[in-house]
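Enquirer: pasting a predicted model and its sequence here:
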Amino acid sequence: MFDKSTWIRLPRNVVVGHGALDDLGDAVGELYLSGTPLIVTSPSPNQIVGDRVREQLSGAETVIVAEAGFEQVQNVIDAAREVDAGYLVGLGGGKPIDTAKMASDELDVGFVSVPTAASHDGIVSGRGSIPEGDTRHSVAAEPPLAVVADTDVIADAPWELTTAGCADIISNYTAVADWQLARRLKGVEYSEYGGALARMTAEMLVDNADLIRPGLEESAWIVVKALVSSGVAMSIAGSSRPASGAEHLFSHQLDRIAPGRALHGHQVGVGSIMTAYLHDGPDGLWQDIHEALESLDAPTTAADLGLSDDELLEALTTAHEIRDRYTVLGDGITEKAAREVAETTGVI
Ligand SMILES: NC(=O)C1=CN([C@@H]2O[C@H](COP(=O)(O)OP(=O)(O)OC[C@H]3O[C@@H](n4cnc5c(N)ncnc54)[C@H](O)[C@@H]3O)[C@@H](O)[C@H]2O)C=CC1
Ligand SMILES: O=C(CO)COP(=O)(O)O
Ligand SMILES: [Zn+2]
């Protein structure tokens, strides 16, 4: 008997474009949400567009989160209960958006995603990525009912935020390769559709890398659309597997070893260069990934990430410990192997 069943939860309204923030009220109005909106944001996005968002959502309250973590999620839950929030709006980069979507899940209220930077592919996903002690959880969270991405605001954000988002997407190449490896070696469930979409998104971004340039609103448009597509791949898969493999484990480990040193997307990009080499050897995809990152002016070396060689090697040799997710790192690679891959790819 066929007894498989799956839920794919996707946003109803995805509004991307110049001045899209002015459509936020309409995009939310169409969802028939009721009650007080609670805006979950971090200091810079609040300063940049907080008032514009509050103008669109009458009676909105605001809570500021500086970091992502379970404590912050709990603070948002408490703030939401205090104002009897009807729905939450994540405004900013990946941290406030993840925090809002996790709090919404716990509170059983709607979630709206308003990215102010194209820095990560969690803007649409129904996953939250949260550190806790020595580990980092990828948890099911409330997918957004609406995503409103204003390309004017995003194009105005520091350029490195956009290149971080590009690198987060490019890393889908190695994430999907790890996922396929885990299917072959460990029988991990694989979604052809989720894997193909994630990979195609990375390919489209690499093919358009020449068009992605600072200050061009069209670049923000290309990157946001790719981030949406990558998030949809995660929703189809019901996990972050299409967009998170060993390169992400490496980045998560760096967040512990060298916190705040570099952006998430930049760390996974450098990780992806090295794990692509581990997958395919010297003549494989690592050079294309390296070239695409270089052409975007995204980091390709430990020094670009503000890391010493030793910090980078420590992260690479211990990344497999972060969580129980089988990747090309298996149960860990030796320091000699890590040094060889990092040197051969020019990362150190
Ligand atoms: N749930 C998921 O599927 C995913 C989650 N993530 C998570 O997202 C986080 C990384 O996201 P980031 O956006 O890099 O972190 P972030 O939220 O800390 O943002 C990075 C910086 O950009 C600033 N910023 C945002 N918009 C700005 C603007 N318009 N102008 C000036 N500054 C602006 C923020 O204030 C912050 O200082 C990590 O915690 C990562 O694990 C990343 C990818 C996918
Ligand atoms: O960053 C992600 C996808 O880009 C997902 O993060 P996790 O590795 O925590 O699932
Ligand atoms: Zn990521």
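Expert: Thanks, I have it. Ligands and ions are numbered 1, 2, ... in the order given.
Enquirer: list the contacts of whatever residue of the stretch 201-348 of the chain ends up closest to ligand 1.
Expert: Residue nearest to ligand 1 within the stretch 201-348 of the chain (C-beta to the nearest ligand atom): His264, separated by 3.8 Å. All C-beta spots, glycine's among them, are computed from the backbone N, C-alpha and C. For His264, the contact set (C-beta atoms under 8 Å, 6 or more residues apart in numbering) comprises 94, 119-120, 164, 168, 251, 255.
Enquirer: neighbour-wise, which one of these leads?
Expert: With neighbours taken as other C-beta atoms under 10 Å, the top of those is Asp168, carrying 35 neighbours.
Enquirer: so what's that residue scoring on pLDDT?
Expert: pLDDT recorded at Asp168 is 98.
Enquirer: how close does the nearest residue to it once chain neighbours are set aside sit to Asp324?
Expert: Spatial nearest neighbour of Asp168, chain neighbours left out: Gly265 (4.0 Å); criterion: C-beta to C-beta, 6 or more residues apart in numbering. Separation of Gly265 from Asp324 (C-beta to C-beta, to the nearest Å) stands at 24 Å.
Enquirer: given the helix or strand containing Thr62, what are its sheet partners and their directions?
Expert: Using DSSP states H and E, Thr62 sits within strand 61-64. Using DSSP bridges, strand 61-64 pairs in its sheet with strand 36-41 (parallel).
Enquirer: for this protein, which helix is longest?
Expert: In the chain, assigned by DSSP state H, the helix with the most residues is helix 217-237.
Enquirer: for it, packing partners?
Expert: Helix 217-237 makes packing contacts with strand 13-17, strand 146-150, helix 151-156, helix 159-170, helix 192-207 when contacts are defined by 3 or more C-beta pairs under 8 Å, 6 or more residues apart in numbering; DSSP states H and E.
Enquirer: can you list these in CSV and add distance to ligand 2?
Expert: Listed next are the helices and strands packed on helix 217-237 as CSV, based on distance: least, C-beta to the nearest ligand atom, whole Å:
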stretch, distance to ligand 2
strand 13-17, 18
strand 146-150, 16
helix 151-156, 17
helix 159-170, 5
helix 192-207, 10
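Enquirer: distance of Leu72 from ligand 2?
Expert: No Leu there; residue 72 is Gln. Per C-beta to the nearest ligand atom, to the nearest Å, Gln72 is found 16 Å from ligand 2.
Enquirer: got a list of what that residue touches?
Expert: Applying C-beta under 8 Å, 6+ apart, the residues near Gln72 are 65-66, 99.
Enquirer: what does the stretch 51-200 of the chain put close to ligand 1?
Expert: Contact residues, the stretch 51-200 of the chain versus ligand 1 (C-beta under 6 Å from any ligand atom): 68, 92-96, 98, 116-117, 119-122, 125, 127-129, 153, 157-158, 161, 164, 168.
Enquirer: show only the entries of those found in helices.
Expert: Per DSSP H, these map to helices at 94-96, 98, 153, 161, 164, 168.
Enquirer: pLDDT score for the residue of the chain most remote from its centre?
Expert: Largest separation from the mean C-alpha position in the chain: Met1, at 37.5 Å (C-alpha atoms, centre = their mean). Confidence at Met1, expressed as pLDDT, is 79.
Enquirer: do Gly215 as well
Expert: Reported pLDDT at Gly215 in the predicted model: 86.
Enquirer: that one contacts Ala155, correct?
Expert: Yes. The pair Gly215 / Ala155 is scored as a contact, 6.6 Å apart, by C-beta atoms under 8 Å.
Enquirer: circling back to that earlier point, now the angle from the next helix or strand after the longest helix of the chain to helix 159-170?
Expert: Counting by DSSP H and E, the element after helix 217-237 in chain order, helix or strand, is helix 246-257. Between the axes of helix 246-257 and helix 159-170, defined by axes from the mean of the first three to the mean of the last three C-alpha atoms, to 10 degrees, the angle is 140 degrees.
Enquirer: list buried residues within the residues of the stretch 51-200 of the chain next to ligand 1.
Expert: Taking 16 or more other C-beta atoms under 10 Å as the criterion, what is buried in these is 68, 92-96, 98, 116-117, 119-122, 125, 127-129, 153, 157, 161, 164, 168.
Enquirer: what is the neighbour count of Phe70?
Expert: Phe70 is flanked by 15 other residues according to other C-beta under 10 Å.
Enquirer: same question for Arg325.
Expert: 21.
Enquirer: what about it, distance to ligand 2?
Expert: On the measure of C-beta to the nearest ligand atom, Arg325 and ligand 2 end up 8 Å apart.
Enquirer: for that residue, which three-state class applies?
Expert: Recorded secondary structure, Arg325: coil (DSSP: H, G, I helix; E, B strand; the rest coil).
Enquirer: what's the nearest residue to it if we skip its chain neighbours?
Expert: That would be Leu249: by C-beta to C-beta, 6+ apart, it lies 6.8 Å from Arg325.
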